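Trainee: Structure for the following, please:
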Amino acid sequence: MKGFPTDTDILIYCASTLADMARRGVNDIPRKLDLMPAGYTGSPNASQLASFFTMSDIHITDEESPAQVPYFGFVAPFGTGGLYSSSYSPVMLSTTQVLDAAVRTVNALHAEAPLNFGVILGDMANSSQYNELRWFVDVLDGKPIDPSSGAHAGADTIDYQKPFQAAGLNPAIPWYAVAGNHDQYWMGVNFPSEKLQAAFVGNTVLDMGANLFADDATEQTGTYSGVVDSTTPLGGPAANFATPPTVVADADRHSMTTVDSTLTGMMAELANSTSLPAGHGMASSNPPACYVFRPVADLPLKVIVLDDTCKTTANSPGPAFYGSGWMDAERFAWLTAELQAGQDDGELMVIATHIPMNPQADLDNTTKAPQFYPGSFKSDEEMIATLHGYPNLLMVMAGHRHLNTVTPQPSPDPAHPENGFWQVETPSLRDFPQQFRTFQIHRNVDNSISIVTTDVDPIVEDGSPAAKSRGYGIGEHRIAGHGSLSDTGSHTYNAELVKLLTPAMQAKIATYGTARAVVAE
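Mentor: Reported below is the predicted structural model:
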């Protein structure tokens with residue numbers, strides 16, 4: 001990982017280099033032909049159809065909230081992996097600044113090679129808090145940001161607590177939102193019960209069970225969950241405290257999730273935004289948080305945004321219940337109807353969702369890792385089998401796992417390789433490697449499709465909270481056991497992903513796109 005200098009000319013040079021790399025595509029990054037017929041060797045890019053960015057798992061965090069759980073991260077054994085880094089990572093101190101750096105980088109890329117749109121693939125907020133989502137929207141809108149809560153301790157002296165002016169996303173780039181589990185649930189894994197609702201806005205640090213992963217951990221007592229506040233003990237066994245640890249309460253910490261809806265509060269704040277489009281896709285969606293948009297004029301390209309998170313508003317059956325992928329009959333019927341309509345109308349299609357479907361375990365391990373809860377209306381395997389029925393589907397974009405994994409989902413029928421599609425995961429902007437993705441969709445000379453996907457490091461100013469977070473992210477990655485101490489890889493995945501179309505779609509798109517010089521193979 002590397003930081004970038006502050007000089008404006010160098011910043012634009014870096015952006016120009018990335019944009020040029022994306023334009024040249026096939027000659028600079030590996031070409032993946034997993035979906036193509038045996039013997040296929042590739043075809044040069046003929047024209048660009050669309051260009052866009054994705055960000056995921058930003059986890060804007062109110063670290064001073066009494067309802068976070070940093071204690072469990074502080075005391076986790078070295079190298080345990082799992083959810084402990086979600087409980088505490090020092091990157092959580094500067095999530096708003098990291099997001100602002102990423103937005104500035106998107107703007108620099110757009111100045112060199114225009115982007116048609118952006119998609120935020122969920123987990124905008126860390127724990128469903130109003131102020132967390134409000135900070136997220138305000139950074140994208142370019143508002144003044146006061147990145148602290150409660151007593152606002154250190155707002156004049158601590159760099160990550162100081163107010164700052166967000167740059168805001170270039171207004172020419174519309175951005176669309178996907179619902180994540182952390183946007184709706186406490187720490188992404190528990191429905192906010194009455195006890196949790198009170199803890200969000202109270203002045204006493206959450207008293208819960210000693211086992212963070214127990215199904216009813218939040219309803220137990222005996223352990224204070226901790227808080228990142230220089231005036232307050234971090235947390236720990238209640239027996240160690242003569243009086244309960246307290247913070248200054250803040251009503252803006254309230255959860256946006258209620259017993260009536262997991263989505264209404266989130267959708268209201270997305271609608272309370274000055275950037276475009278209105279509501280960021282969700283304004284009148286039905287089912288809620290499921291919608292479609294067509295991002296490029298005069299191009300048959302349809303983006304299907306699918307909410308595949310849990311929708312139950314009952315008290316918790318446990319972390320896996322709320323943190324896993326879900327599909328119900330209503331959403332499945334909506335999805336298949338939209339896919340069929342896109343197929344019938346001759347549209348290229350992309351699905352944007354939060355939780356991936358049957359991805360491979362990681363970059364190097366191709367063993368499949370199912371993500372859907374056993375009680376889901378459809379399993380991972382059933383979802384993939386359904387998607388194979390729509391050959392116009394180019395790819396599924398997802399986040400959730402904080403990984404850069406790209407999974408080919410080849411056609412189960414060798415006679416029809418066009419039924420295959422790609423699944424591309426965007427890593428977490430908070431956790432290592434702290435990247436977002438750009439995508440360029442190209443029509444090739446033979447009218448196949450190439451999806452050029454590139455990981456981008458946010459440009460950060462030396463010494464800034466965002467720059468410091470890069471080192472914190474690498475340290476957390478190793479200490480939490482997400483990578484070995486000898487692992488010096490970037491965990492980046494850049495590729496040209498090739499997809500075959502039906503003869504009808506090949507003929508339809510033969511004249512589409514902005515022409516580009518054909519580079520000899």
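Trainee: list the buried ones in stretch 197-204?
Mentor: Of all the residues in stretch 197-204, those buried under the rule 16 or more other Cβ atoms under 10 Å are 197, 199, 200, 201, 202. In this view, the C-beta of every residue, glycine as well, is placed from N, C-alpha and C.
Trainee: With stretch 385-393 instead?
Mentor: Under the neighbour-count criterion of 16+ other Cβ under 10 Å, stretch 385-393 has 386, 387, 388, 390, 391, 392, 393 buried.
Trainee: So which of those is the closest to residue 512?
Mentor: Distance to residue 512, by Cβ to Cβ, is smallest for residue 392 among the buried residues of stretch 385-393, at 13.7 Å.
Trainee: ok, the closest one to residue 184 distance?
Mentor: From residue 392 across to residue 184, the span is 31 Å (Cβ to Cβ, to the nearest Å).
Trainee: Please apply the same query to residue 83.
Mentor: 17 Å.
Trainee: When these two are compared, which one has more neighbours?
Mentor: residue 184 (30 against 19; other Cβ atoms under 10 Å).
Trainee: and the closest residue to the more buried one other than its chain neighbours, what pLDDT?
Mentor: In this structure, residue 184 finds its nearest non-sequential neighbour in residue 262, 4.1 Å apart by Cβ to Cβ, 6 or more residues apart in numbering. Residue 262 is assigned 95 on the pLDDT scale.
Trainee: correct me, but residue 262 touches residue 188?
Mentor: No: look at residue 262 against residue 188 with Cβ atoms under 8 Å: they stay out of range, at 11.8 Å.
Trainee: between these two, who's got more neighbours?
Mentor: Applying other Cβ under 10 Å to residue 262 and residue 188 shows that residue 262 carries more neighbours, namely 28 against 25.
Trainee: residue contacts, the more buried one?
Mentor: 184, 185, 309, 310, 311, 313 (Cβ atoms under 8 Å, 6 or more residues apart in numbering).
Trainee: How much space separates it from residue 398?
Mentor: Taken as Cβ to Cβ, the span from residue 262 to residue 398 is 19 Å.
Trainee: And for residue 162?
Mentor: Per Cβ to Cβ, residue 162 is found 34 Å from residue 398.
Trainee: Give me the neighbour count for the residue lying closest to residue 366 once chain neighbours are set aside.
Mentor: Leaving aside its chain neighbours, residue 366 sits nearest to residue 360 (4.6 Å; criterion: Cβ to Cβ, 6+ apart). Number of residues near residue 360 (other Cβ under 10 Å) recorded here: 20.
Trainee: What are the boundaries of the helices in the stretch 151-300 of the chain?
Mentor: 194-201, 264-271 (DSSP state H, counting those that start in this stretch).
Trainee: could you say what helices and strands the last one packs with?
Mentor: Spelled out, it's helix 264-271. Secondary-structure packing of helix 264-271 (3 or more Cβ pairs under 8 Å, 6 or more residues apart in numbering; DSSP states H and E): helix 130-141.
Trainee: circling back to that earlier point, and the residue nearest to residue 184, how close does it get to residue 314?
Mentor: Counting by Cβ to Cβ - residue 262 and residue 314 are separated by 11 Å.
Trainee: center of the chain - which residue?
Mentor: For the chain, residue 56 is the residue whose C-alpha lies nearest the centre (Cα atoms, centre = their mean; 1.6 Å).
Trainee: what number of residues lie near the residue lying closest to that one once chain neighbours are set aside?
Mentor: Spatial nearest neighbour of residue 56, excluding adjacent residues (Cβ to Cβ, 6+ apart): residue 399 at 2.9 Å. Under the neighbour criterion other Cβ under 10 Å, residue 399 is assigned a count of 29.
Trainee: For residue 399, give its distance to residue 201.
Mentor: For residue 399, the distance to residue 201 - Cβ to Cβ - is 28 Å.
Trainee: swap in residue 367?
Mentor: As for residue 367, its distance to residue 201 is 44 Å (criterion: Cβ to Cβ).
Trainee: repeat for residue 505
Mentor: 53 Å.
Trainee: And residue 83, by the same measure?
Mentor: Going from residue 83 to residue 201 by Cβ to Cβ gives 25 Å.
Trainee: Secondary structure element holding residue 413?
Mentor: Assigned by DSSP states H and E, residue 413 belongs to no helix or strand.
Trainee: ok now stretch 466-473, how far from the chain's centre?
Mentor: 19 Å (Cα atoms, centre = their mean, to the nearest Å).
Trainee: any idea of the mean pLDDT in that stretch?
Mentor: Mean pLDDT, stretch 466-473: 94.
Trainee: Tell me which residue of the protein is furthest from the middle?
Mentor: Outermost in the chain, Cα atoms, centre = their mean: residue 242 at 41.2 Å.
Trainee: how close does that residue get to residue 457?
Mentor: Distance, residue 242 to residue 457, by Cβ to Cβ: 47 Å.
Trainee: Excluding sequence neighbours, find me the nearest residue to residue 338.
Mentor: Nearest residue to residue 338, sequence neighbours excluded (Cβ to Cβ, 6+ apart): residue 304, at 5.2 Å.
Trainee: which residues touch stretch 202-216?
Mentor: So stretch 202-216 is in contact with 66-67, 69, 72, 83, 87, 196, 199, 217-227, 232, 235, 237-238, 244-249, 316-319, going by Cβ under 8 Å, 6+ apart.
Trainee: Show me which positions of it end up buried.
Mentor: Buried residues in stretch 202-216, counted by 16+ other Cβ under 10 Å: 202, 205, 206, 207, 208, 209, 212.
Trainee: on that earlier part again, how far away is the residue nearest to residue 338 from residue 294?
Mentor: Distance from residue 304 to residue 294, by Cβ to Cβ: 11 Å.
Trainee: that older thread, can I get the helices of the stretch 151-300 of the chain in CSV including distance to residue 122?
Mentor: Output for these, formatted as CSV (distance: least, Cβ to Cβ, whole Å):
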stretch, distance to residue 122
helix 194-201, 21
helix 264-271, 10
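Trainee: I'd like to know which of those helices lies nearest to residue 475.
Mentor: Comparing the helices of the stretch 151-300 of the chain under Cβ to Cβ, the one sitting nearest is helix 194-201, at 29.2 Å.
Trainee: Export only the CA atoms of the closest one, formatted as CSV.
Mentor: What follows is helix 194-201 as a C-alpha-only set of coordinates in CSV (Å, rounded to 0.1, in the frame of the first residue of the first chain):
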residue,chain,number,x,y,z
GLU,A,194,-35.7,-2.1,23.1
LYS,A,195,-32.5,-2.5,25.2
LEU,A,196,-30.3,-1.6,22.2
GLN,A,197,-32.5,1.3,21.1
ALA,A,198,-32.1,2.8,24.6
ALA,A,199,-28.3,2.2,24.6
PHE,A,200,-27.9,4.0,21.3
VAL,A,201,-29.2,7.3,22.7
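Trainee: Return the mean pLDDT over it, rounded to an integer.
Mentor: Helix 194-201 comes out with an average pLDDT of 96.
Trainee: What are the contacting residues of that helix?
Mentor: Residues contacting helix 194-201 (Cβ under 8 Å, 6+ apart): 65-67, 129, 186, 190, 192, 206, 218-219, 249-251, 253-255.
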